[in-house]
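> here is a sequence together with a model predicted from it:
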Amino acid sequence: MINSRNGRGICMIVGSHVSIRNGYLGSAQRAVANHASAFQYFPKNPRSLSIKNYDKEDAASCKKFCKKHQIQSVAHTPYSTSLTPPEEKAEMTIHSLLNDLEIANDCGSIGVVVHYGSQISKTDPLASYHLMLKMLNAVLSQWNGECLILLENNAGTKGALGTTFEELIQIRSLCDDPGKIGFCFDTCHAFASGLWDGTNTDALIAKGEELGYWEHLKVVHLNNSKYPTGSKKDRHANIFSNGFIQHEELDSLVTSPLFKNVPFILETPDDEGISHKDEIDKILETWGR
């Protein structure tokens, strides 16, 4: 495991999204091969909400391997998962989320990342929030495992909500069981939405502290952005190339003591000149050693 401290004493836990084509244990082994101390994975087909009858022994082996190698993991729901689904997909989504939580729990993961919902009504601005609460309560009333739902901030694409700390905090606090909910902070989404423009790190941190956001932060998606701040375009770029977030701007965020012991997960391209393994090595060379 590579879990280093930079010159400012910040613990750097870093990894990337990996495939489960070789099983859950295989994904953890891939993370170690990438010099990672954390990883993210889709618990099932990322393009389907169908329930997966998974190999529990494989999941248990993943958990055991991660514990032995001191690796942290997090799952991510399939692309089609929405906390504001059309009525005909609500039950399917609830069952899919419970399936994701069960798999991730058996793999020993911190939680399951779920994107915040989208606007569903042009006349009732609260309709989306009411539906999100209904969905979250329906899932969490049936869930008693250790794995958390991790609400991710959105970039604001196509009317997506959840671009502010206030929205994220409010939904969590209004749920019947907020203790089962944490947060995932995506740097590209924050930049694209305008929540963070690269120059306002101190204000961003202060706002999060004021609202109590950071104390429930469980994972950071460390991504650069292919578009300028405020673009509302969710396109990830590699950390050190082809992105609009400057090195010094990322440095001010990544080195904050707030992120001590919080895993950084890359969701960056691995086919645009740098592999995830090489990108992880460069991140550790820059911030973790």
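All right, it came through fine.
> pull the number of nearby residues for the residue nearest to Thr163 when sequence neighbours are not counted.
For Thr163, ignoring the flanking residues on the chain, the nearest one in space by C-beta to C-beta, 6 or more residues apart in numbering is Ser193 at 3.9 Å. The C-beta positions use only the backbone N, C-alpha and C, and glycine is treated the same way. For Ser193, the neighbour count with other C-beta atoms under 10 Å is 25.
> do Val14 as well
27.
> for it, which residues count as its bridge partners?
Beta-bridge pairing of Val14 under DSSP bridges involves Phe264.
> wait, it sits on Thr286?
No: between Val14 and Thr286 there is no contact under C-beta atoms under 8 Å: 10.6 Å.
> name the nearest residue to Lys44, sequence neighbours excluded.
Lys52 (3.8 Å).
> in stretch 204-216, what's buried?
Leu204, Ile205, Lys207, Gly208, Leu211, Tyr213, Trp214, His216 (16 or more other C-beta atoms under 10 Å).
> for stretch 261-271, that is, sorry about that
Buried residues in stretch 261-271 (16+ other C-beta under 10 Å): Val262, Pro263, Phe264, Ile265, Leu266, Glu267, Thr268, Pro269, Asp270.
> CA atoms only: put it into CSV for me.
The C-alpha coordinates for stretch 261-271 follow below in CSV (Å, rounded to 0.1, in the frame of the first residue of the first chain):
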residue,chain,number,x,y,z
ASN,A,261,-7.7,10.1,5.6
VAL,A,262,-10.3,10.8,2.9
PRO,A,263,-9.6,8.7,-0.2
PHE,A,264,-9.1,10.5,-3.6
ILE,A,265,-10.6,8.5,-6.5
LEU,A,266,-9.6,9.3,-10.1
GLU,A,267,-12.4,9.1,-12.7
THR,A,268,-10.1,10.5,-15.3
PRO,A,269,-9.5,9.2,-18.9
ASP,A,270,-6.9,6.4,-19.0
ASP,A,271,-6.5,6.4,-22.8
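> now what about it, what contacts it?
Contact with stretch 261-271 is made by 11-17, 37-40, 72, 74, 110, 186, 188, 217-224, 236-239, 254, 276, 279-280, 283, as judged by C-beta atoms under 8 Å, 6 or more residues apart in numbering.
> which of these fall in helices?
Among the contacts of stretch 261-271, the members falling in helices (DSSP state H) are Cys188, Val254, His276, Glu279, Ile280, Ile283.
> and which of those residues is nearest to Ile245?
Cys188 (7.7 Å; C-beta to C-beta).
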